[in-house]
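Colleague: need a 3D model of the following:
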Amino acid sequence: MSQDSDVVDQVDTRRLILGRWPFWATLVGAVSITSGLAFGYDQGVIGGAITFMQDEFGFGSFVEGMITSWVTIGALFGALFGGGLADRLSRKKALIIAAYLLIAGSVVQAIAPSVAVLIAGRFVIGAGVGIASVAAPMYVAESAPAALRGRYVSGYQLAITIGIFVAQFVDYGLSGSGEWRLMVGLGAVTGLLLLLASYPVPHSARWLLSVGRRDDAAESIRKTRGEAAVGEQLAAIEADLHDQRSAQWSELLVGGARKALVVAVGLAIIQQLTGINAVIYYSNQILADAGFVTESAQAGASLIAVGLVNVLATLIALAFVDRLGRRPLLIAGMTGMFAGLAGLTVTFLYEATPGDTHSIPGSLALISMVVFIASFAFSLGPVVWTIISEVFPNQVRAKGMSVATAVNWGAAFVLTLLFPDLLDWLGNSGTFGLLAAFTVVSMLWVHRMVPETKGKTLEEVTAMFAAESA
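Modeller: You can find the predicted model right below:
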């Protein structure tokens, strides 16, 4: 796009901040926030609930891994179908479907009479998370002004961290009574919030133009970006959509889209295999091995080391993702993640004294988890989703995001399912040492393969990838 277009976008952004037309733009942000809250709550609540589930149903470590990881299998399938739903029905309707699945899955978990029903509920809620994890960043990336796009999409990750914090606060509050059904059942509230945010928002202008609804697309831009943006935005989107209405999956393997796919899938794998979900899902178990004996002590330490730190550190990404850029945050964050994983590796070389949380293992475990979570929260957490939502050409964006998100959840499933076995096979130190080594390899890959997208329109990003692949 031209420099004049960038000026228009910056002017409209200032109008947004000054509140000339805040209502619809606020709703766009609300979609991101509520989908992130639902994602985060369902991700975080299982850490405190699993022990009480185990007490009631009496399952072993394999079933524990199944219950914990099957939400990621549901999310994988949801992500694969989410892109198609977003293309056929619209980004907005895909989000509404996700909200209903989140509510249903929470209710099924809360009333589950058996482990099989509990796992089914985890799968349903995972499907809702998977659809939302594709549709929400896509909707926000297509509806937000370019100057605020990184901050809006990063707001999704901030909301995930807030959802995790709320879940761990609920776990801590209910740890005395062991009411795990209430813990998981409250996830229905986050699904309801997503439903309330998704119903009133306008469809994204890109989707409306892709189905021939030009007047509605103009009105969508007018609502979310202001009158001055309508003409140039419509022209730019129409030019990008020209002769690209029926993209095939094979187009992901051609030209700039192939380069984008490599970057997106690589980042999706790195985000999970550096250990974030394993640390979150099994935070209480890690802390127990480090000397935190009671469920209340584990939940309290996890609330601070995972929940609160996650929220605060994500604010760094919101402040700097559109100023410092994506690559510097990724490199800095992975450096900190390596330090945290190295600390956990050293922690478990010492023998923990049960109940002595001020011992070397207890203190070092807590500090290392804080460093790891904080570093992830301002880097791989929000920045990966920002980049994935930016890099694909418009005609294959939905399909590309579906593939990347499904790969992300597949990697999460593998690590979450195998993490208890890795602890048995390699020990705590060996497991975290392996994750630390993978983090170093990932940092080198990012330095070589991931370009900077800061400040570029989606059309400019597409042109950059096309030029690099020529």
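Colleague: buried residues, the strand or helix carrying D240. List them.
Modeller: Per DSSP states H and E: D240 is located in helix 230-241. Neighbour counts over helix 230-241 (16 or more other C-beta atoms under 10 Å) mark V230, E232, Q233, L234, A236, I237, D240 as buried. Where you see a C-beta, it was placed from the backbone N, CA and C, and this is true even at glycine.
Colleague: which pair in those residues has the greatest spatial separation?
Modeller: Largest separation among the buried residues of helix 230-241 by C-beta to C-beta: V230 and D240, giving 16.0 Å.
Colleague: tell me the helix or strand right after the strand or helix carrying G433.
Modeller: Assigned by DSSP H and E, G433 belongs to helix 397-449. Next along the chain after helix 397-449, taking DSSP H and E as the criterion, comes helix 458-469.
Colleague: run the chain-centre distance for that following helix.
Modeller: Distance of helix 458-469 from the chain centroid (C-alpha atoms, centre = their mean, to the nearest Å) equals 24 Å.
Colleague: still on that earlier bit, from the buried residues of helix 230-241, which has minimum pLDDT?
Modeller: Minimum pLDDT for the buried residues of helix 230-241 is recorded at D240 (70).
Colleague: what's that one in contact with, if anything?
Modeller: The contact partners of D240, taken as C-beta atoms under 8 Å, 6 or more residues apart in numbering, are P393, N394, Q395, L458, E459, T462.
Colleague: which one of the residues you listed sits closest to D171?
Modeller: Nearest to D171 among the contacts of D240, with distances taken as C-beta to C-beta, is L458, at 39.2 Å.
Colleague: that closest one and G325, how far apart?
Modeller: 17 Å (C-beta to C-beta, to the nearest Å).
Colleague: settle it for me: which of these two has more neighbours?
Modeller: L458 (24 against 16; other C-beta atoms under 10 Å).
Colleague: tell me which element the residue most central in space within the chain is part of?
Modeller: Central residue of the chain (C-alpha atoms, centre = their mean): Q157, 5.5 Å from the mean position. In this structure, Q157 sits in helix 146-174 according to DSSP H and E.
Colleague: before we move on, what about G29?
Modeller: helix 22-57.
Colleague: for L118, same thing?
Modeller: helix 115-143.
Colleague: report all helices and strands that that helix contacts.
Modeller: For helix 115-143, the elements it packs on are helix 22-57, helix 61-88, helix 91-111, helix 146-174, helix 187-198, helix 205-210, helix 380-391, helix 397-449, judged by 3 or more C-beta pairs under 8 Å, 6 or more residues apart in numbering; DSSP states H and E.
Colleague: quick one: closest of these to Y350.
Modeller: Of all these, helix 397-449 comes closest under C-beta to C-beta, at 9.6 Å.
Colleague: gap between that closest one and the chain center?
Modeller: With C-alpha atoms, centre = their mean, you get 15 Å for helix 397-449.
Colleague: tell me which other helices or strands it touches.
Modeller: helix 61-88, helix 115-143, helix 255-273, helix 276-281, helix 326-347, helix 380-391.
Colleague: what's the model's confidence in the helix or strand harbouring T314, averaged?
Modeller: Using DSSP H and E, T314 falls within helix 309-320. Mean pLDDT, helix 309-320: 76.
Colleague: and stretch 262-280, by the same measure?
Modeller: Mean predicted confidence for stretch 262-280 is 88.
Colleague: in the stretch 51-200 of the chain, where is pLDDT below threshold?
Modeller: For the stretch 51-200 of the chain, applying pLDDT under 70 flags the ranges 145-154.
Colleague: can you get me a residue count around the residue nearest to S198 when sequence neighbours are not counted?
Modeller: In space, and not counting its chain neighbours, S198 is closest to L95: 4.2 Å by C-beta to C-beta, 6 or more residues apart in numbering. Neighbour count for L95, taken as other C-beta under 10 Å: 29.
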